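> predicted model follows, preceded by the sequence.
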Amino acid sequence: MDFLERSIDDIFDNGITWEDARDVMHCSEDVFFTHIVPLTKTLREKAFGKQISFCSIVNAKSGSCSEACDFCSQSAHFKGAQAPSYPMYSAEKILSEAMAAEANGATEFSIVTSGRGMNKKDDLDTLVDAIGQIRKNTQVESCASLGLMEKADLQRLREAGMTNYHHNIETARSYFPNVVHTHSFDDEMNSIKHAKELGFQVCCGGIVGMGESKEQRIEFAFNLKEIDPHSIPLNFLNPRPGTPMAHLNDLTPLDSLKMIAIMRLVLPKKELFVCGGREVNLKDYQDRMFDAGASGTMLGNYLTTSGRPVEDDRDMITRLGLEVVPPHQRAL
């Protein structure tokens, strides 16, 4: 692990190489906690000090999705999956969810909808209305995750006051066709490109533990480095009954911490949110995700699964001596 001989400033400015990441991926537990974790904690603190961020989401339109993504219980292709199905929430309902998230301590709020994209004008109108109301009535940063989007539709959301846009690449480019069967990796990239061109702060990540190799996990990290998002949501598969990935459950807490660490080492200055699946994959090691490099986490429930009680996460932050602040507002 030659990179351990480099200065903190050098790693912070340039990150580590593919070969370095491979060394981290395959190192022993003792080496990881003795040598890697102190480094990732130092890098996270160099970027963000003792400050971390909470984000929160609302599943504003659920189920009956035309896309076939093997991890997702909302797909209409998987008849045995048991995700709820309902149409778009009203703007008032979305605002209520945003206000509740803010009261719980979230500083960023994302509106998530199922489907290939926001292809109904009425739904887009509702979302534009909701963004305006959130901007007027809360202090949270607004975000949305809406699938494959046309630039003109994203422009409407930008004009309504939305500052952030979320769009995951899901996994490494080489593994993507094994996971998503109804659109391409380049389709994902086009939506990200549109959002960046419009000046959104782009949140882009994916899911680990979907059957990809350890090499492809490293590839995923370097795919994200090429994209250069503002922030990265890192999820760990929580296999859903009825989906093609229902049988997958091979991540250990150490695997999960190593992936957090690799993201921090490859992209030292980025916001790194540990999101879905942390409870079932990190288990009793959730406190260590910040030492491994996370600078934030998701508060409350996820799209189709329950999260940890909000009080437990707030207690964790207090116990660790960390401070919650809004994301994306730190000068590096």
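Structure received. Residues are numbered from 1 along each chain as shown.

> any stretches of this protein with poor pLDDT?
Where the chain drops to pLDDT under 70, the residues are 304, 306, 327-332.

> centre-most residue in it?
Averaging the C-alpha coordinates of the chain gives a centre point, and the residue nearest to it by C-alpha atoms, centre = their mean is P233 (1.8 Å).

> how close does it get to E271?
From P233 over to E271 the distance is 9 Å, taken as C-beta to C-beta, to the nearest Å. Where C-beta positions appear, they are placed from N, C-alpha and C, glycine not excepted.

> again, but for F200
Here F200 is placed at a distance of 14 Å from E271 (C-beta to C-beta).

> and S174, by the same measure?
Taken as C-beta to C-beta, the span from S174 to E271 is 26 Å.

> so for these two, which sits in the more crowded spot?
With other C-beta atoms under 10 Å as the criterion, S174 and E271 differ in neighbour count, and E271 comes out ahead with 24 against 15.

> now for the residue lying closest to M99 once chain neighbours are set aside: which residues touch it?
Excluding its sequence neighbours, the residue lying closest to M99 (C-beta to C-beta, 6 or more residues apart in numbering) is T138, at 5.9 Å. With contact taken as C-beta atoms under 8 Å, 6 or more residues apart in numbering, T138 is in contact with 95, 98-99, 102, 109.

> narrow the residues you listed to those in strands?
Counting by DSSP state E, the contacts of T138 place F109 in strands.

> OK, contacts around the residue lying closest to V37 once chain neighbours are set aside?
In this structure, V37 finds its nearest non-sequential neighbour in D291, 5.1 Å apart by C-beta to C-beta, 6+ apart. Residues touching D291, when contacts are defined by C-beta under 8 Å, 6+ apart, comprise 37, 40-41, 44.

> hmm, try it at 10 Å
Taking C-beta atoms under 10 Å, 6 or more residues apart in numbering as the criterion, D291 is in contact with 33, 36-38, 40-42, 44-45, 257, 260-261, 285, 320.

> just the buried members of those residues?
33, 36-37, 40-42, 44, 257, 260-261, 285 (16 or more other C-beta atoms under 10 Å).

> closest one of these to E5?
Within the set of the buried ones among the contacts of D291, I36 lies nearest E5; the separation is 13.8 Å, counting by C-beta to C-beta.

> and which of the contacts of D291 is nearest K61?
With C-beta to C-beta as the yardstick, the closest approach to K61 among the contacts of D291 comes from I260, at 30.1 Å.

> that closest one should be in a helix, yeah?
Yes. With the criterion set as DSSP: H, G, I helix; E, B strand; the rest coil, the secondary structure at I260 is a helix.

> now it: how far from S213?
Relative to S213, I260 is positioned 18 Å away (C-beta to C-beta).

> how about S28?
Noted for S28: a distance of 19 Å to S213, by C-beta to C-beta.

> next: S142.
Where S213 is concerned, S142 sits at a distance of 37 Å (C-beta to C-beta).

> the more surrounded of those two?
A count of neighbours by other C-beta under 10 Å puts S142 above the other of S142 and S213, at 25 against 11.

> surely that one meets V128?
No. Taking contact to mean C-beta atoms under 10 Å, the distance of 11.1 Å between S142 and V128 leaves them out of contact.

> mutual contacts of these two, please.
Common neighbours of S142 and V128, counting by C-beta under 10 Å, 6+ apart, are 157, 160-162.

> quick check: next helix or strand after the longest helix along the chain?
When the chain is parsed with DSSP state H, its longest helix is helix 121-137. Once helix 121-137 ends, the next helix or strand along the chain (criterion: DSSP states H and E) is strand 141-145.

> direction included, what does that next one pair against?
In the sheet containing strand 141-145, the strands it pairs with under DSSP bridges are strand 108-113 (parallel).

> and the partner strand, which residues are buried?
Neighbour-count burial for strand 108-113, counted by 16+ other C-beta under 10 Å, picks out 108-113.

> please save the CA atoms from that strand in PDB.
Presented in PDB, the C-alpha positions along strand 108-113 are these (Å, rounded to 0.1, in the frame of the first residue of the first chain):
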ATOM      1  CA  GLU A 108     -31.900  18.200   2.300                       C
ATOM      2  CA  PHE A 109     -35.100  16.700   1.100                       C
ATOM      3  CA  SER A 110     -35.500  14.700  -2.100                       C
ATOM      4  CA  ILE A 111     -38.800  13.900  -4.000                       C
ATOM      5  CA  VAL A 112     -38.600  10.500  -5.600                       C
ATOM      6  CA  THR A 113     -41.000   9.100  -8.200                       C
END
